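Asks: quick one: sequence and predicted model below, then my questions.
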Amino acid sequence: MEGSDASLVHRRAGRVALLAVAAPAASAAKPERFVVDQAEFTDIIDEIVEDACGVELETTMTGHVIISIWFDAQGNPDREIDRYSTRFTFRNPATGAVYRFADAGPDILQFNWDDGTIVYSLIGRSATGSGYAGRVVLLVDLETGEPIGDPLHVSGHELGDWVENVCDAVA
């Protein structure tokens with residue numbers, strides 16, 4: 001599985017901020033829920049793509065992520081489900097070229113505090129996450145957030161690197 005350095009940027013950006021403030025008093029019954037407006041990340045995505053493509057673009061990002069986090073008795077995240085519904089539009093004002101795509105589907109994270117890992121499943125159309133339409137399962141280091149080794153499972157079809165796809169279409 002290959003992808004740009006930005007491949008998980010929008011997924012990690014929201015989650016890191018939420019986990020820092022989300023830990024409630026110990027209770028495991030109901031998850032904490034957050035809705036993240038994806039438009040908040042338009043400037044970040046725009047900068048990444050403009051830097052890679054070398055042209056100025058007009059970027060529009062719409063949709064949301066609904067994040068549900070269940071906590072263990074110690075108040076640590078135990079399980080997380082992030083449900084994505086995001087649409088991207090990139091337009092080159094100099095040429096009028098436009099590229100659009102969507103990310104949709106859940107990411108499921110199972111936190112393993114005993115061994116310091118997360119089993120991270122990206123499911124659905126995950127152009128900016130895994131680069132696949134299907135399912136990719138990764139083992140991730142809990143401390144660094146970086147994948148450990150090769151994916152545990154990959155199925156579906158590869159979408160390619162989303163940044164390269166944008167640049168090829170609009171630059």
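Replies: Great, that's in hand. Numbering: from 1, shown residues only.
Asks: can we go C-alpha only for contacts and neighbour counts from here?
Replies: Will do.
Asks: identify the bridge partners of the residue nearest to Glu146 when sequence neighbours are not counted.
Replies: The shortest distance from Glu146 to any non-neighbouring residue, by C-alpha to C-alpha, 6 or more residues apart in numbering, is to Val140 (5.5 Å). Beta-bridge pairing for Val140 (DSSP bridges): Ile118, Pro147.
Asks: again, but for Phe71
Replies: The partner residues for Phe71, given DSSP bridges, come to Pro77.
Asks: what's the burial count for it?
Replies: Per other C-alpha atoms under 10 Å, the neighbour tally for Phe71 reads 23.
Asks: could you measure from it over to Glu40?
Replies: 26 Å (C-alpha to C-alpha, to the nearest Å).
Asks: cool, and Pro151?
Replies: With C-alpha to C-alpha as the criterion, Pro151 and Glu40 are 30 Å apart.
Asks: where in this protein is pLDDT low?
Replies: For the chain, the stretches with pLDDT under 70 are 1-28.
Asks: quick one, helices of it?
Replies: 9-22, 42-53, 162-170 (DSSP state H).
Asks: what bridges to the closest residue to Phe101 other than its chain neighbours?
Replies: Counting by C-alpha to C-alpha, 6+ apart, Phe101 lies nearest to Phe88, which is 5.4 Å off, once chain neighbours are set aside. Applying DSSP bridges to Phe88 gives these bridge partners: Met61, Phe101.
Asks: so what's Phe88 up against?
Replies: Contact partners of Phe88, counting by C-alpha atoms under 8 Å, 6 or more residues apart in numbering, are Thr59, Thr60, Met61, Thr62, Arg100, Phe101, Ala102.
Asks: repeat that for 10 Å
Replies: Phe88 makes contact with 38-39, 42, 45, 59-63, 99-103 under the criterion C-alpha atoms under 10 Å, 6 or more residues apart in numbering.
Asks: whichever of those end up buried, select them in PyMOL.
Replies: Selection of the buried residues among the contacts of Phe88 in PyMOL, burial being defined by 16 or more other C-alpha atoms under 10 Å:
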select buried, resi 38+39+42+45+59+60+61+62+63+99+101+102+103
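Asks: so which of the contacts of Phe88 comes closest to Glu164?
Replies: Here the nearest of those to Glu164, counting by C-alpha to C-alpha, is Tyr99; it sits at 11.5 Å.
Asks: nearest residue to that closest one other than its sequence neighbours?
Replies: Phe90 is the one closest to Tyr99 (C-alpha to C-alpha, 6+ apart), at 5.2 Å.
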